[in-house]
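Peer 1: model this:
(2 chains, ligands or ions: 2)
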Amino acid sequence: MTSRAARSVNAPAPPGAALPDHPEFLWRNPDPRKHYSIVIVGGGGHGLATAHYLARRGVTDVAVLERGWMAGGNMARNTTIIRSNYLWDASAGIYEHALKLWEGLAEDLDYPILFSQRGVLNLDHTLQDVRDSRRRVEANRLNGVDADWVDAAGAKELCPVLNVSDDIRYPVLGGTYQPRAGIAKHDYVAWGFARSADAAGIDLIQNCEVTGIDIAGGTVTGVQTSRGPITADRVALIGAGHTPVLAEMAGFRVPVTSHPLQALVSELLEPVHPTVVMSNAVHVYVSQAHKGELVMGAGIDPYVGYGQRGAFHVIERQMSAAVELFPIFARAHVLRTWGGTVDTTPDASPVVGTTPVENLFLNCGWGTGGFKATPGIGHVMAELLETGKVPDLAADFGLDRFTSGRLVDEHGAAAVAH
Amino acid sequence: MMLIPCPECGPRDENEFSYGGQAHVPYPPDGGATASDEEWAEYVFYRDSPKGLMAERWVHSAGCRRWFNAVRDTVSYRFEAVYRPGEPRPHVQGAR
Ligand SMILES: Cc1cc2nc3c(=O)[nH]c(=O)nc-3n(C[C@H](O)[C@H](O)[C@H](O)COP(=O)(O)OP(=O)(O)OC[C@H]3O[C@@H](n4cnc5c(N)ncnc54)[C@H](O)[C@@H]3O)c2cc1C
Ligand SMILES: [Zn+2]
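Peer 2: Numbering: from 1, shown residues only, chains lettered A, B, ... in the order given. Ligands and ions are numbered 1, 2, ... in the order given. So this is what the prediction gives:
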């Protein structure tokens, strides 16, 4: 590649100039040992973050088992939006914990993650949207989460290419704005966590599919894998879209269904979109990546699907909404579309904690919005796995809430219908 | 985009349909009068999400507007069978 140093200082920065070079190292690629103190099933962002924080706690007799390649699941497919402006106290607790960790993560990992606190604007299109949003802003503030409500003119100021005219089908009436929210470079986040866990001696094992969970007398004793059996004292299921399959192996059900979620990017463009804009009502969310692509996501496809693809009409609807909100996008070319498999729950909140099987722990159900939680939930899962006790920040997210009825209903703040 | 074989109208484009989730979910025993919290939780919140064949409900909202059941593969998205409400789930050849 051509040297960056050779470029004239006065030349305009080409798209991508803000990105660091790819790392020259990877992590070790060890064969699995016969036994680990802790086995983490799933090498996505959450599994890797859990490994990193376990290492920080001095716990390194740990393996992360990944059926494909590290962080190739939803971690590699998401639109990287980070915010903490959820409605309920339990959600504010975990997402704000994560946001605070994001703010120091590059230093902690000693690795660039391109965390860009460019703010997130969640649009309102009806009077009821406005009322719900203002309620959420007040709830956020009571929880110490930064939040403002802006009117249409305020939204336009934050994102000048936003169409705030009142003659569109769903006019913009305003929106909530969280200034500390933003985006990060998802691959770098995963690599940073992986590098840190690996350096501490944790085994990251790729091409290792968990095919069975061994249980004796109601207690987990290990896992069967495509690379042989592994025994463990504690096992964590952190398999995002595959949680229903993993839970079935362990003999219990989860109130989780897996759905396709699609996103796309445009060709590279000059910077036009300085913040992140989301609209729950018309179902599109947009940011401009560090390199210059417009990154856009939609709602989930309604059916259960593990195919990592969804239907074209979902993208079509999302694009018609995008073009109405951002008329200048009409000439942008779509470069690439893809899908992930997200694990959704009836109350749009995650499921974290213990399971009916002793020493078997669960982290799942983040649906369309778990990237933002990555450091926070990794930190919490590490404590849960080391101590065996559910940390306060996870207490409200147990499986028991579906029986007690104490739901954490975040459909209104989840921003993507699911 | 899936081509969905409506039992009344034949194969039609996916976007004419709405999804109704898992089929054959039984009401709690006694209509719920004596159901425990666990049984209510099962009925209200727990749905199958298999990786493979799934029996599920669809409605042809922009067509004949009738509900029907289908057995679909959740990996390939292929419809292996469709059948009318009240009919038993058909056996699908080569089912896993
Ligand atoms: C298109 C799209 C857009 C999104 N946008 C956002 C966003 O803007 N902001 C946000 O906060 N969130 C977003 N999300 C959601 C976010 O990506 C997920 O909530 C989050 O990645 C889930 O945690 P994870 O990273 O550990 O999951 P994953 O990266 O999916 O990790 C789970 C891993 O488990 C592995 N696994 C599964 N079964 C087994 C097995 N049997 N054996 C071994 N390994 C197994 C999988 O291969 C996978 O790598 C988006 C998701 C998608 C698909
Ligand atoms: Zn029909």
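
Peer 1: for the most centrally placed residue in chain B, what are its contacts?
Peer 2: In chain B, the residue lying closest to the centroid (Cα atoms, centre = their mean) is B:Glu56, at 1.3 Å. Counting by Cβ atoms under 8 Å, 6 or more residues apart in numbering or on different chains, B:Glu56 touches A:303-304, B:19-23, B:69-72. In this view, the C-beta of every residue, glycine as well, is placed from N, C-alpha and C.

Peer 1: what separates A:Ala199 from A:Glu386, distance-wise?
Peer 2: Distance, A:Ala199 to A:Glu386, by Cβ to Cβ, to the nearest Å: 19 Å.

Peer 1: of the two, who's got more company?
Peer 2: Using other Cβ atoms under 10 Å in any protein chain shown, the more surrounded residue of A:Ala199 and A:Glu386 is A:Glu386, with 17 against 14.

Peer 1: So A:Met278 belongs to a strand, correct?
Peer 2: Yes. Under DSSP: H, G, I helix; E, B strand; the rest coil, A:Met278 sits within a strand.

Peer 1: Hmm, A:Asn122 and it touching each other?
Peer 2: Yes. Contact criterion Cβ atoms under 8 Å: A:Met278 and A:Asn122 qualify, at 5.0 Å.

Peer 1: the more surrounded of the two?
Peer 2: A:Asn122 (26 against 22).

Peer 1: Can the strand or helix carrying the more buried one be said to contact ligand 1?
Peer 2: Using DSSP states H and E, A:Asn122 sits in strand A:120-124. No. Figure legend: strand A:120-124 not in contact with ligand 1 (Cβ under 6 Å from any ligand atom); closest approach 9.6 Å.

Peer 1: what mean pLDDT does that strand have?
Peer 2: The average pLDDT within strand A:120-124 is 97.

Peer 1: Where do the helices of chain B begin and end?
Peer 2: Taking DSSP state H as the test, the helices found in chain B are B:37-45.

Peer 1: Next, the contact list for the residue of it at minimum distance from ligand 1, please.
Peer 2: Nearest residue of chain B to ligand 1 (Cβ to the nearest ligand atom) works out as B:Lys51 at 9.5 Å. Contacts for B:Lys51 (Cβ under 8 Å, 6+ apart) come out as A:242, A:244-245, A:258, A:306, B:74-75.

Peer 1: Just flag the most distant two among the residues you listed.
Peer 2: Farthest-apart pair in the contacts of B:Lys51 is A:Pro244 and B:Val75; separation 13.1 Å (Cβ to Cβ).

Peer 1: Between those two, which is the more surrounded one?
Peer 2: A:Pro244 (23 against 15).

Peer 1: does that one sit in a helix, a strand or a coil?
Peer 2: A:Pro244 ends up helix, using three-state DSSP.

Peer 1: so what pLDDT did it get?
Peer 2: Value listed for A:Pro244 in the pLDDT field: 97.

Peer 1: Please apply the same query to A:Val282.
Peer 2: 85.

Peer 1: Surely it is in contact with A:Val323?
Peer 2: No. Checked against Cβ under 8 Å, the pair A:Val282 and A:Val323 is beyond contact range at 10.8 Å.

Peer 1: For A:Ala281, give me its contacts.
Peer 2: Contacts of A:Ala281 by Cβ under 8 Å, 6+ apart are A:123-126, A:129, A:170.

Peer 1: Could you find the closest non-adjacent residue to residue 87?
Peer 2: Since you didn't name a chain, this refers to chain A. Counting by Cβ to Cβ, 6 or more residues apart in numbering or on different chains, A:Ala413 is the residue found nearest to A:Leu87 once chain neighbours are left out, at 4.6 Å.

Peer 1: Sorry, I should have been clearer: chain B.
Peer 2: B:Asn69 (7.3 Å).

Peer 1: Pretty sure the one you found sits against B:Phe79.
Peer 2: No. B:Asn69 lies out of contact with B:Phe79 (Cβ under 8 Å); the separation is 10.8 Å.

Peer 1: If you count surrounding residues, which of these two has more?
Peer 2: B:Asn69 (23 against 16).

Peer 1: which strand residues sit across from the more buried one in the sheet?
Peer 2: B:Arg57, B:Tyr83 (DSSP bridges).

Peer 1: so who does it touch?
Peer 2: Contacts of B:Asn69 by Cβ under 8 Å, 6+ apart are B:23-24, B:55-58, B:82-85, B:87, B:89.

Peer 1: Nearest to B:Ala41 among those residues?
Peer 2: Among the contacts of B:Asn69, and counting by Cβ to Cβ, the member closest to B:Ala41 is B:His24, at 18.2 Å.

Peer 1: how many other residues sit next to the nearest residue to B:Ala35 once chain neighbours are set aside?
Peer 2: Ranked by Cβ to Cβ, 6+ apart and with sequence neighbours excluded, the top spatial neighbour of B:Ala35 is B:Pro28, at 3.7 Å. A total of 16 residues lie near B:Pro28 under the criterion other Cβ under 10 Å.

Peer 1: what do you get for the one 3 residues further on?
Peer 2: Burial measure for B:Gly31: 8 neighbouring residues, criterion other Cβ under 10 Å.
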